[in-house]
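Student: Sequence plus the predicted model coming up.
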Amino acid sequence: MSDDHVYLSLAETSPEGEARWAYGTGFTDPLHGVDTSLPAGVDGADLGAYCLMLGDDALVLAQRLTEWCTRAPELEDEVALANTGLDLLGQARLLLARAGQADGSGRSEDDLAFLRDEHEFRNVRLVELPNGDFAHSTARLLLFSCARLALFRRLASSADPVLAAVAAKGAKELAYHREYAAAWTVRLGDGTELSRERMRRGLEQVVPYLDELLTPHPVELRLAASGAAVDPSVLRAEVGEALAEVCAAAGLDVPQVPPLAAVGGRAGRDGVHTEAMGRLLAEMQCVARAHPGAVW
Amino acid sequence: MSDTTAPRADWPLYEVFVRSKRGLNHVHVGSLHAADDRMALLAARDLYTRRNEGVSLWVVPSAAITASAPDEKDPFFAPSGDKVYRHPTFYDIPEDVPHI
């Protein structure tokens, strides 16, 4: 190879095809060869609702993470946050597409992302919170990736082959998200007086929202009984230990703050959101709603 | 991170090397700023391997690299320009030997 630059070698064309490429073109379809028919004993409506919960969590946090573009404290971290958002968007696309299949409505991922109203979104309130400062966003990402990684590692053996494939792929992404968030938590917590106080406050502000991710919804309990879902209360110990480990390394205490109560017994999983959600959706959906059916 | 050095405004520069899927040598792809080695490695992953470019990463503080200077170009490199016998151009290279 005469040039020694990665992007020049990428641009090189060769009649010999992929074997000539020095850098990977071997992209993989996570759903390749996966049976998409509904498994026996799994209720389609419940599976659709469950995929919406997990898909909306990823979609809404992806939207929040992309808000850091042009605003991140360092260029390197701007790309890191955008990458994380893209990983979650990829998870959301697969999960929303599965939701539309499973519930029999035939709605596409775009229909579900852009044409639902606030009360139809099933994400937890943790992901819709405004970004706050970098420490606040880091704390949120830490909590979210700890809980979702613990979930996806178990969900990889779901009775639904699509969920299992999405979880197996997503777990690798989430392991990196968790490492990134944990590294920044430690760096800020064990940094200067100012960074330590910001990180402490960030954790204190988001920890009340963690409980919602670990509290089972009736849909999750019914699906867990048929082996398609995971009862999130079983994740509680693992998530608590991971959080305690990171906080200890950062020289911070795990905030002892009570969980945020549901509203009349209903919260994000029932479509009851905080006031920030409406504005987030307005920004996310405005182009798709102004130009219905538009394509690139 | 717990050392007692004073906080600095700029993060040091690191050079990034990526090894491709095909087991070639690590290749220099660019540079980045990071506060410590581990952060440099994570940032390198995010900046330089997002398109499936590699299976292994090296990051090296730029300050650790000793480089030749532009005004040394002639004494360093010009003398090899006319030593044609140092090139294996008098051999037939088999078609199926890659990466020469």
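Tutor: Cool, got the structure. Residues are numbered from 1 along each chain as shown, chains lettered A, B, ... in the order given.
Student: Counting neighbours, what do you get for the closest residue to chain A within chain B?
Tutor: For chain B and chain A, the shortest gap (CB to the nearest CB) falls at B:N52, measuring 3.6 Å. (Each C-beta comes from the backbone N, C-alpha and C, glycine too.) B:N52 is flanked by 16 other residues according to other CB atoms under 10 Å in any protein chain shown.
Student: do A:D190 as well
Tutor: By other CB under 10 Å, 16 other residues sit near A:D190.
Student: Likewise for A:R154?
Tutor: Based on other CB under 10 Å, the number of other residues close to A:R154 is 18.
Student: isn't it right up against A:V230?
Tutor: Yes. Taking contacts as CB atoms under 8 Å, A:R154 lies within contact range of A:V230: 4.6 Å.
Student: tell me the SS of the residue of chain B closest to chain A?
Tutor: What DSSP: H, G, I helix; E, B strand; the rest coil gives for B:N52 is coil.
Student: host element of the residue positioned nearest the centre of chain B?
Tutor: For chain B, the residue nearest the mean C-alpha position is B:H28 (2.8 Å; CA atoms, centre = their mean). Using DSSP states H and E, B:H28 falls within strand B:27-33.
Student: Against which helices or strands is the helix or strand that that strand is followed by packed?
Tutor: Next along the chain after strand B:27-33, taking DSSP H and E as the criterion, comes helix B:37-48. Applying 3 or more CB pairs under 8 Å, 6 or more residues apart in numbering or on different chains; DSSP states H and E, we find helix B:37-48 packed against helix A:75-102, helix A:161-189, strand B:13-19, strand B:27-33, strand B:56-61.
Student: Only C-alpha atoms, please: export helix B:37-48 in CSV.
Tutor: The C-alpha trace of helix B:37-48 is given here as CSV (Å, rounded to 0.1, in the frame of the first residue of the first chain):
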residue,chain,number,x,y,z
ASP,B,37,-4.1,9.0,28.5
ARG,B,38,-7.4,7.2,29.0
MET,B,39,-9.4,10.2,27.9
ALA,B,40,-7.2,10.3,24.8
LEU,B,41,-8.0,6.7,24.0
LEU,B,42,-11.8,7.2,24.4
ALA,B,43,-11.7,10.3,22.3
ALA,B,44,-9.7,8.6,19.7
ARG,B,45,-12.3,5.8,19.6
ASP,B,46,-15.0,8.5,19.1
LEU,B,47,-13.2,10.6,16.6
TYR,B,48,-11.3,8.1,14.4
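Student: average pLDDT for it?
Tutor: For helix B:37-48, mean pLDDT is 93.
Student: which other residues reach it?
Tutor: Applying CB atoms under 8 Å, 6 or more residues apart in numbering or on different chains, the contact partners of helix B:37-48 are A:6, A:76-77, A:79-80, A:83, A:176, A:179-180, A:183, A:187, B:14, B:16, B:18, B:29-30, B:32-34, B:54, B:57, B:59, B:61.
Student: From A:E241, how far out is the closest residue to A:V234 other than its chain neighbours?
Tutor: When the adjacent residues along the chain are set aside, A:V234 lies closest to A:R154, with 7.6 Å between them (CB to CB, 6 or more residues apart in numbering or on different chains). Computed as CB to CB, to the nearest Å, the A:R154 to A:E241 distance reads 15 Å.
Student: Pull the contacting residues for A:L280.
Tutor: A:V60, A:Q63, A:R64, A:E128.
Student: go again using 10 Å as the cut-off
Tutor: A:V60, A:Q63, A:R64, A:E67, A:E118, A:F121, A:V127, A:E128, A:L129, A:P130, A:H273, A:T274 (CB atoms under 10 Å, 6 or more residues apart in numbering or on different chains).
Student: Which one (most neighbours) among the residues you listed?
Tutor: A:V60 (29 neighbours).
Student: State the helix or strand in which that residue lies.
Tutor: helix A:44-66.
Student: for that helix, packing partners?
Tutor: When contacts are defined as 3 or more CB pairs under 10 Å, 6 or more residues apart in numbering or on different chains; DSSP states H and E, helix A:44-66 packs onto helix A:75-102, helix A:109-114, helix A:125-128, helix A:134-155, helix A:161-189, helix A:218-225, helix A:276-290.
Student: switch the cut-off to 6 Å
Tutor: Packing contacts for helix A:44-66, counted by 3 or more CB pairs under 6 Å, 6 or more residues apart in numbering or on different chains; DSSP states H and E, involve helix A:75-102, helix A:125-128, helix A:218-225.
Student: Tell me which residues of it come out buried.
Tutor: Going by neighbour count (16 or more other CB atoms under 10 Å in any protein chain shown), the buried part of helix A:44-66 is A:46-66.
Student: and B:A40, how many neighbours?
Tutor: Neighbourhood size, B:A40 [other CB under 10 Å]: 26.
Student: Tell me how far it lies from A:V234.
Tutor: Applying CB to CB to B:A40 and A:V234 gives a distance of 37 Å.
Student: Check B:L24 too.
Tutor: 45 Å.
Student: How about B:D96?
Tutor: In terms of CB to CB, B:D96 sits 55 Å off from A:V234.
Student: Show me the domain layout of chain A.
Tutor: A:1-34, A:42-290 (automatic domain parsing).
Student: in chain B, which ranges drop under the pLDDT threshold?
Tutor: B:1-8, B:21-23, B:99-100 (pLDDT under 70).
Student: Try it again at 50.
Tutor: B:1-2 (pLDDT under 50).
Student: re the thing from before, what about B:D96 and A:V234, which has more around it?
Tutor: Using other CB under 10 Å as the criterion, B:D96 and A:V234 rank with A:V234 on top: 14 against 5.
Student: Show me what from the stretch 51-200 of chain A comes close to chain B.
Tutor: Neighbours of chain B within the stretch 51-200 of chain A, by CB under 6 Å from any CB of the partner chain: A:E76, A:V79, A:A80, A:N83, A:D190, A:T192.
Student: do that again at 7 Å, thanks
Tutor: A:E74, A:E76, A:V79, A:A80, A:N83, A:Y180, A:A183, A:R187, A:D190, A:G191, A:T192 (CB under 7 Å from any CB of the partner chain).
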